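>>> I would like the atomic coordinates for the input below:
(one chain, ligands or ions: 1)
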Amino acid sequence: MTINDAFAFGDIAFEKNVFCGCEHPLNAARFVILGAPFDGTASFRPGARFAPSSMRRDSWGLESYSPQLDRDLEEAFIADAGDLEMPYGDAKAAIKIVKEAVSALLNEKKIPVMIGGDHSLTTGAIEAALVHYPELHLIHFDAHTDLRPDYLGDPWSHASVMRRCYDLLGGGRIHSFGIRSGLKGEFLFAKEHLDFHPFHLEGVENLKALVGDAPVYVTIDLDVLDPSEMPGTGTPEAGGVSFQELLKALAHVSELKVIGTDMMELSPPLDLSGASTALACKLLREWLLLLDLHRS
Ligand SMILES: [Mn+2]
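Residues are numbered from 1 along each chain as shown. Next up, the predicted model:
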């Protein structure tokens, strides 16, 4: 018997350190939140490693009930597994850890919901998802193309994450929205090889016709949002979409067969007002409730 077993707190209640109301038991959950506190490839301003813990903390300022969807996180089948142990500065190792964790969840028929962390980690999730779902499509919201073959010699950089995903998925299976920054060569590559929707989110409503019942992974780089609403991110880019526009797009995407998702690149230390973290928390609540709506 451990000391904890022997010690009784009686009726004293302890809050669990989980994201907003996501207290469903892990073994019975449909969705599992996974923190991935790693920002070792941030090419400009780091801080995304603090996103999972900041979102859990600040989600206590958020109601678990969504008036817009009339649904409540406390009634959804969502568990928060906590944070992965991540190495500092070793992207290849970090990507491998994500791959193993996502694979373990997919083996148990769970839908992984990763909170980054910098965007490089998505490569690990896609590697794992492809093993389980060879017909996988990737829906990508971002300000940046992220299609460089490498960034300063590093092929695992967050600036190369979509190129690595392209290496895995091939042409025609990556659907990118909101992109407004990158090299000329990256834009040419994107137009040739991806289902590419720069500057806006139009075309999301056609995904169902395009993708059908194929499994999809959805990666949300929060810098797709305009920096006026989301300044707390490493590489902000003016001319982005609004929270409500993104939410509307995600409502369309939630009708697809989503087998995994992530929300990346929130950097809480870069917006000390807390507004960016509050936005990310609310977006995650709505996104989880939209997914749960179609899968429960
Ligand atoms: Mn980006």
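>>> CA atoms for contacts and neighbours, from now on please.
Will do.
>>> give me every residue in this structure lying close to the ion.
Within reach of the ion by C-alpha under 5 Å from the ion, the chain has these residues: D142, A143, H144.
>>> residues touching the residue of the chain found nearest the ion, list them.
Residue nearest to the ion within the chain: H144 (4.4 Å; C-alpha to the ion). Contacts for H144 (C-alpha atoms under 8 Å, 6 or more residues apart in numbering) come out as I179, R180, S181, G182, V224.
>>> backbone phi and psi for it, please?
phi -110, psi 150 (degrees, to the nearest 10).
>>> check the one 10 residues further on too.
Reported as degrees, to the nearest 10, the phi and psi values for D154 are phi -100, psi 110.
>>> beta partners for it?
Y151 (DSSP bridges).
>>> and the one helix or strand T277 maps to, what other elements does it pack with?
Taking DSSP states H and E as the criterion, the element that holds T277 is helix 275-294. The elements that helix 275-294 packs onto, with contact taken as 3 or more C-alpha pairs under 8 Å, 6 or more residues apart in numbering; DSSP states H and E, are helix 51-58, helix 243-253.
>>> run the chain-centre distance for the shortest one.
In other words, helix 51-58. Put simply, helix 51-58 sits 14 Å off its chain's centre (C-alpha atoms, centre = their mean, to the nearest Å).
>>> got the buried residues for stretch 146-157?
Of all the residues in stretch 146-157, those buried under the rule 16 or more other C-alpha atoms under 10 Å are D146, L147, R148, P149, D150, Y151, P155, W156, S157.
>>> and stretch 61-74, by the same measure?
Buried positions in stretch 61-74, judged by neighbour count with 16+ other C-alpha under 10 Å: L62, S64, Y65, R71, D72, L73.
>>> secondary structure, pLDDT and distance to H24 added to those, as JSON lines?
Below are those laid out as JSON lines (DSSP: H, G, I helix; E, B strand; the rest coil; pLDDT from 0 to 100; distance: C-alpha to C-alpha, whole Å):
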{"residue": "L62", "secondary structure": "coil", "pLDDT": "96", "distance to H24": "18"}
{"residue": "S64", "secondary structure": "coil", "pLDDT": "96", "distance to H24": "13"}
{"residue": "Y65", "secondary structure": "strand", "pLDDT": "97", "distance to H24": "15"}
{"residue": "R71", "secondary structure": "strand", "pLDDT": "96", "distance to H24": "15"}
{"residue": "D72", "secondary structure": "strand", "pLDDT": "96", "distance to H24": "12"}
{"residue": "L73", "secondary structure": "helix", "pLDDT": "95", "distance to H24": "10"}
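>>> among those, which two are most distant?
Every pair in these was compared (C-alpha to C-alpha); the two farthest apart turn out to be L62 and R71, at 13.8 Å.
>>> neighbouring contacts of the helix holding T277?
Under the contact criterion C-alpha under 8 Å, 6+ apart, helix 275-294 has outside partners 20, 51, 54-55, 58-59, 62, 64, 66, 69, 71-73, 76-77, 222, 229-232, 243, 247, 250-251, 254-255, 258, 263, 266, 268.
>>> what are the ranges of the helices in the stretch 51-200 of the chain?
Using DSSP state H, counting those that start in this stretch, the helices of the stretch 51-200 of the chain run over residues 51-58, 91-107, 122-132, 161-169, 184-193.
>>> got the contact list for the last one?
The contact list for helix 184-193, computed with C-alpha under 8 Å, 6+ apart, reads T145, D146, L147, R148, G171, G172, F196.
>>> hmm, 10 Å instead?
Helix 184-193 has contacts (C-alpha atoms under 10 Å, 6 or more residues apart in numbering) with 144-149, 162-163, 166, 170-176, 179-181, 183, 194, 196-198.
>>> could I have it exported to PDB, CA atoms only?
C-alpha atoms of helix 184-193 as PDB (Å, rounded to 0.1, in the frame of the first residue of the first chain):
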ATOM      1  CA  LYS A 184       7.600  31.800 -54.800                       C
ATOM      2  CA  GLY A 185       8.800  28.200 -55.400                       C
ATOM      3  CA  GLU A 186       6.600  27.000 -52.600                       C
ATOM      4  CA  PHE A 187       3.500  28.600 -54.100                       C
ATOM      5  CA  LEU A 188       4.300  27.100 -57.500                       C
ATOM      6  CA  PHE A 189       4.700  23.700 -55.800                       C
ATOM      7  CA  ALA A 190       1.500  24.000 -53.900                       C
ATOM      8  CA  LYS A 191      -0.500  25.000 -57.000                       C
ATOM      9  CA  GLU A 192       0.900  22.000 -58.800                       C
ATOM     10  CA  HIS A 193       0.600  19.300 -56.100                       C
END
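>>> could I get the buried residue list for that helix?
Buried-residue list, helix 184-193, by 16+ other C-alpha under 10 Å: E186, F187, F189, A190, H193.
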